[in-house]
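Q: everything below, folded, please.
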Amino acid sequence: MTRGMNTMPTARRGRTYYTPGPADKRGLGGVLSVLLLLILLVVPPILLLGTETARHSRYTALHDAIHSNILELNHLSPHDVPTLIAPSSSTLAHGTAHQISSLATDPTVGISLPGALTLRRQTQYCQWSEHPTRHCQTCTRSVKGSDGSRKTESYNCNCITRYDYVKMWRDYRINSLLFDQPGAHHNPQRDPLPSQTFVAEEAMLALDRHNRRHGDGEEEEALRVRLDPDMLATGVRSQPFRDVDFVPDGRAPPPSFFERMVARFFGERNTRYEPLQLLRDTPRAVAATRDNFVYVGQGGYFFSPYENPSMTQRLFNYFVQYMEGSLFDWQLGDLMPSCTAGDIRFSYQVQDPSTVSFLGEVRTHPSRSSVLEMTPRSTMIHDRRESIGFVHAGSHSAQNMIIAEDNASRNRALIFRAVLLLWSIPAARLLGVALGREVGDSSISTQVMATAGMFGSVLGGMWLVIWGTDVGSRDSILLFVMGGYFGFMAWRLSVRRGRGRWWNAVWCTIGRWASVPPEWRVEDSYVPASVDGVESKRL
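A: So this is what the prediction gives:
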């Protein structure tokens, strides 16, 4: 008998460790901690460079599009097509349609939804997650420099670490190999049907034309447009995905008391209900015959239980549990009717707007002269391929669609600029250390100026390199100059640090952040550099 799908999460208490003395990371742990910190210091500016380059390319492509001659298809009739649009045309065209004929299909499952432009399969996995909690005391110690000078520093010591585990449905898999107790909380890594988005292969639009009557009063045939699947590669902008649920006769079931209370405060759930008859081909599809997926409902879910592992795998897992001390560690969470680690379920979300506006390259259909073909316009800008071809929900002008795409591109860039701002905090401190300053020990205003200086200099410098003098050169120069000014003022006002080699000072700072032992990071000196020829006192 096939096991059913459970949705209740469960929790288990893991082991607790007490580690007396310093919580320094030694050996391989210390090396990995330093490498991870170096990656976090190097990757953000590289990502920002790629993002700003993509932003520039996207802006240039959209700028060229908005200044192009865009053909309005809603002003045309089928009789105008042969004279205005050639089979090999590269003309940008815009249109709005209220009549949409489409079919999105997931062939692996045997699902087809009429009227859908995009169909998203959202896969979830029943997995354990580990949650370590550490509480440490704060101790102090005296560290010694190469010249014999000393400084008192604080560090974490006498730590208590506790591991807790939670098992629930997640949108991603978790590797349990590095868990503290991997045997009792093993996560199978099966993934037969990962999340995927499908688009309608034959989306046909009937355009609403202004003045669709001949001079004799006879109504003209509507102009039809086929959307190339690449037009839907990024989905339908401004159209939220809504869940799909398969129920008898496609009628929404009466809401429960809890659902009515939720809808009262948070609004009703936007769900598309389809009849169960649409699932008639799923028992013979690959997902059912190969991976044992069956439709279980409970919100539109298909479920595949984790098959019992082989005897060898079970014996090995028991051995691992015995070695880690969890073989006979029975807890209340084990009695909860939760899912089994390795179970998989998926549901569908759909984009099915009633009205769409589109902008792309238009040409006549190769086999049907009465149908137009909409494809994205592809251009190369600074060795990057940019595509002008998108679909928006609702009725929008071509200009408003391009502006919406530009706003989305700018918002993506803003996310990485915010990451750069956070990165500027440790980067400014490291640069200060290299220049003989201790920004972290300075006043709050000095730290803010140092962070602003680093952020403005890096971002302004990237803008000058990428954008040049084409667009916003005044803003780029102003940001770069202000960043340099704030950085210089922070350097003058920050606390002086010990004398010595700059690269060793940077390494010692990184080592201190990575919590490696003092013998790994020996400063040249803790005596501040001289001021106006006068030697400062030792700390």
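Q: CA atoms for contacts and neighbours, from now on please.
A: Fine.
Q: what distance do you get for residue 288 to residue 281?
A: Distance from residue 288 to residue 281, counting by Cα to Cα, to the nearest Å: 10 Å.
Q: whoops, I mixed them up, residue 338
A: 30 Å.
Q: which of the two has more neighbours?
A: When residue 338 and residue 281 are compared for neighbours, residue 338 comes out ahead with 19 against 14, by other Cα atoms under 10 Å.
Q: how close does the more buried one sit to residue 152?
A: 52 Å.
Q: ok, residue 27 next?
A: 24 Å.
Q: output the lowest mean pLDDT helix or strand found in the protein.
A: Between all helices and strands in the chain, the lowest mean by mean pLDDT, DSSP states H and E belongs to helix 81-84, at a mean of 67.
Q: which strands border the helix or strand following that one, and is each parallel or antiparallel?
A: Note on helix 81-84: by DSSP states H and E, the next helix or strand toward the C-terminus is strand 91-101. Strands adjacent to strand 91-101 in the sheet, as given by DSSP bridges, are strand 71-72 (parallel), strand 203-207 (antiparallel), strand 356-364 (antiparallel).
Q: ok, residue 154 - contacts?
A: 138-141 (Cα atoms under 8 Å, 6 or more residues apart in numbering).
Q: tell me the one of those nearest residue 448?
A: Ranked by distance to residue 448 (Cα to Cα), those are led by residue 138 at 26.7 Å.
Q: the closest residue to the closest one other than its chain neighbours and residue 510, how far apart?
A: Leaving aside its chain neighbours, residue 138 sits nearest to residue 156 (4.9 Å; criterion: Cα to Cα, 6 or more residues apart in numbering). Going from residue 156 to residue 510 by Cα to Cα gives 16 Å.
Q: looking at the two now, which is surrounded by more residues?
A: Each of residue 156 and residue 510 has its neighbours counted (other Cα under 10 Å); residue 510 has more, 20 against 16.
Q: show me where pLDDT drops low in the chain?
A: 1-2, 82-89, 209-221, 267-268, 365-369, 469-472, 529-539 (pLDDT under 70).
Q: and the nearest residue to residue 336 once chain neighbours are set aside, how far from residue 94?
A: In space, and not counting its chain neighbours, residue 336 is closest to residue 10: 6.5 Å by Cα to Cα, 6+ apart. Here residue 10 is placed at a distance of 53 Å from residue 94 (Cα to Cα).
Q: also residue 416?
A: Counting by Cα to Cα - residue 416 and residue 94 are separated by 32 Å.
Q: residue 455: neighbouring residues, count only.
A: 28.
Q: picking that back up, now the contacts of residue 154: which count as buried?
A: Buried by 16 or more other Cα atoms under 10 Å: nothing, out of the contacts of residue 154.
Q: okay, residue 10 and residue 94: which has more neighbours?
A: Legend: neighbour count by other Cα under 10 Å for residue 10 and residue 94, higher for residue 94 (24 against 18).
Q: bridged to the more buried one, which residues?
A: residue 72, residue 359.
Q: residue 72 is in contact with that one, correct?
A: Yes - with contact defined as Cα atoms under 8 Å, residue 94 reaches residue 72; the gap is 5.2 Å.
Q: hmm, back to that, what's near enough to touch the residue nearest to residue 138?
A: Residue 156 makes contact with 22-24, 136-139 under the criterion Cα under 8 Å, 6+ apart.
Q: that one falls within a helix, correct?
A: No - according to DSSP: H, G, I helix; E, B strand; the rest coil, residue 156 belongs to no helix; its state is strand.
Q: against residue 109, how distant is it?
A: In terms of Cα to Cα, residue 156 sits 54 Å off from residue 109.
Q: kindly report the same for residue 499.
A: The value you get for residue 499 to residue 109, if Cα to Cα is used, is 68 Å.
Q: comparing those two, which residue is more hemmed in?
A: Neighbours were counted for residue 499 and for residue 109 using other Cα under 10 Å; residue 109 has more, 22 against 17.
Q: what's stretch 481-493 in contact with?
A: Taking Cα under 8 Å, 6+ apart as the rule, stretch 481-493 contacts 432, 437, 439, 442, 446-447, 449-457, 460.
Q: next step: those residues restricted to helices.
A: Counting by DSSP state H, the part of the contacts of stretch 481-493 found in helices is 432, 446-447, 449-457, 460.
Q: Serialize those residues to TSV and add fields for distance to residue 235.
A: Below are those laid out as TSV (distance: Cα to Cα, whole Å):
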residue	distance to residue 235
432	46
446	46
447	43
449	42
450	42
451	38
452	37
453	39
454	37
455	34
456	35
457	37
460	33
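Q: by neighbours, which of those wins?
A: Within the ones in helices among the contacts of stretch 481-493, most neighbours by other Cα under 10 Å means residue 450, with 32 neighbours.
Q: please list all residues in contact with that residue.
A: 425, 428-429, 439, 486-487, 490-491.
Q: nothing else from me, thank you.
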